[in-house]
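Asks: Give me coordinates for this.
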Amino acid sequence: LALAVFFRRIDVMGPENLPREGGVLFVSNHLNAFVDAMLLRAVLPRPLWLTAKDTLRQNPLMRVLLRATRTITVQRREDQQGTAGNRDTVARLAALLAGGEQVAIFPEGFSHSEGRLRPFKSGAARIALQAAKSCDTVAVVPVGLVYLQKSTFRSDVVVRFGSPIGVAKLPADLRDPHVLTERFARDVTALAVPISPERSKFIHWAAELALAGGAPPMRLGQRRDNYLPRYMRMLERISSAYDRLPPQQVADVQRRMLALYDLTGGARLNVAEIYLPLTWWRIAIFVIRELEVLLVAGPIALFGYVNHVPAYFGTRAIVRRLAKDEDHVATDAIFFGFPWFALCYAAQTAAIATFLGRGAAACYAIALPYTGAVTLLFRDRTLDARRRLSSFAALISNRTRREKIQEEAQALVDDVNHLLAEVQR
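Replies: Numbering: from 1, shown residues only. This is a model prediction of the structure:
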């Protein structure tokens, strides 16, 4: 529930790669602190054991949380603990896998925002190999977690599952822990599509532009089925082109892409809306439709907003105070926001009971989560509508500029497609 509130959309790619039975070790990249583990647990149909650094046990509250979430801690050299205790941990995790359980592990050892994967530690491979000695059905499934804006409220995330690796069936040369660790790192890298900060703007914009393809955008509220998986595959292809094609060939397209970015006002004009139909009757229909949404959902959303001000702004203040870096924003918002919301709900309901009676308090308590959900959806719709109105204004105010933007955008779509075709050849 908390994940569904923080993230606007969570898409899963490769669910057909999930074994329906038997022990499974999920090997994943690590970008978003404890949210990574929560995401895996939320999207997997079977129960999941988690792993975390042993230093978390020093906090009494975290010890309770670790037990409640079936999390087994691992010692790290970086924490100056030594790793002697990990022998028993490896044996325990291997026994769980041999017994048909599912376990998630993050071999990088740290949550980070580096735009590349950190070197994998060999613990995951050792666990898998030890488990395979007792059970020949143990599988390893590589996972790529891709956050489009991991610290932004109501952003999108994609969970990608790769093809399962039957550990017992591996050839002898892959049963070395270090060799197998390198295999895990390659598989996870291919799924996670890490993009360095200096490439990020170009690659993401190129992907959006290529997917738009010169077609008008969908109307607001219309579900874009399969968009995030298509977007991920496009990111993969463009990132591959960046690596494999001559630098000068890519640099020319990148230079023009950034020039278009500046021409559109630094992304104030959304890429997908460059080809908005600008007939007055379409604009009128858009305005009428959004006014209908405002009249129908607005009063409920207003009630929800007013009654969630203490919960929402209290959570935001807590996160700003506690989050030490971008990796912990979502984790802190979820773990501290959830109890804070519950406390606010209880206090507000108690106040209603005191002044208006128990019947009104019961109705109020039931209405709170529902009106909160409407407020959240209304917020998303309002931001989308405001962005589209801004795009209408930017395109209709200067016809010469609009035609130049559309002409250059179409030329860049052709160039990006040409680059992708070059890579395929």
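Asks: Every contact and neighbour count from this point should use C-alpha atoms.
Replies: Fine.
Asks: Ignoring the adjacent residues along the chain, who's closest to residue 144?
Replies: residue 192 (4.0 Å; Cα to Cα, 6 or more residues apart in numbering).
Asks: Flag the shaky bits of the stretch 151-300 of the chain, pLDDT-wise.
Replies: By pLDDT under 70, the low-scoring segments of the stretch 151-300 of the chain are 265-269.
Asks: Would you map the strands across it?
Replies: Along the stretch 151-300 of the chain, the segments classed as strands by DSSP state E, counting those that start in this stretch run 155-161, 165-166.
Asks: Outside of the longest one itself, which residues are in contact with it?
Replies: Same thing as strand 155-161. Outside strand 155-161, the residues that touch it by Cα atoms under 8 Å, 6 or more residues apart in numbering are 6-15, 17-18, 40, 141-150, 191-192, 228-229.
Asks: Could you pull up the contacting residues of the residue nearest to residue 144?
Replies: Shown in contact with residue 192 (Cα under 8 Å, 6+ apart): 29, 143-146, 160.
Asks: now do 7 Å
Replies: 144-146 (Cα atoms under 7 Å, 6 or more residues apart in numbering).
Asks: Same check on residue 277?
Replies: For residue 277, counting by Cα under 7 Å, 6+ apart, the contacting residues are residue 216.
Asks: Grab the longest helix from this protein for me.
Replies: Using DSSP state H, we find that the single longest helix of the chain is helix 280-322.
Asks: re earlier: filter the contacts of strand 155-161 down to just the ones in strands.
Replies: Among these, the members falling in strands (DSSP state E) are 7-13, 141-147.
Asks: residues touching residue 177, list them.
Replies: Contact partners of residue 177, counting by Cα under 7 Å, 6+ apart, are 122, 125-126.
Asks: Highest neighbour count among those residues?
Replies: residue 125 (26 neighbours; other Cα atoms under 10 Å).
Asks: how far away is it from residue 373?
Replies: 43 Å (Cα to Cα, to the nearest Å).
Asks: out of the contacts of residue 177, which are inside helices?
Replies: Using DSSP H, those in helices are 125-126.
Asks: For stretch 310-326, what does the pLDDT average out to?
Replies: Here stretch 310-326 scores 91 as its mean pLDDT.
Asks: Buried residues of stretch 290-305, list them for me.
Replies: The neighbour-count check on stretch 290-305 (16 or more other Cα atoms under 10 Å) flags 294, 297-298, 300-305 as buried.
Asks: actually stretch 324-331, sorry about that
Replies: For stretch 324-331, a neighbour-count test (16+ other Cα under 10 Å) marks 326-331 as buried.
Asks: can you redo those as a markdown table with secondary structure?
Replies: Converted to a markdown table, those look like this (DSSP: H, G, I helix; E, B strand; the rest coil):
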| residue | secondary structure |
| --- | --- |
| 326 | helix |
| 327 | helix |
| 328 | helix |
| 329 | helix |
| 330 | helix |
| 331 | helix |
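Asks: Name the nearest of these relative to residue 378.
Replies: Of all these, residue 330 has the smallest distance to residue 378: 21.4 Å, by Cα to Cα.
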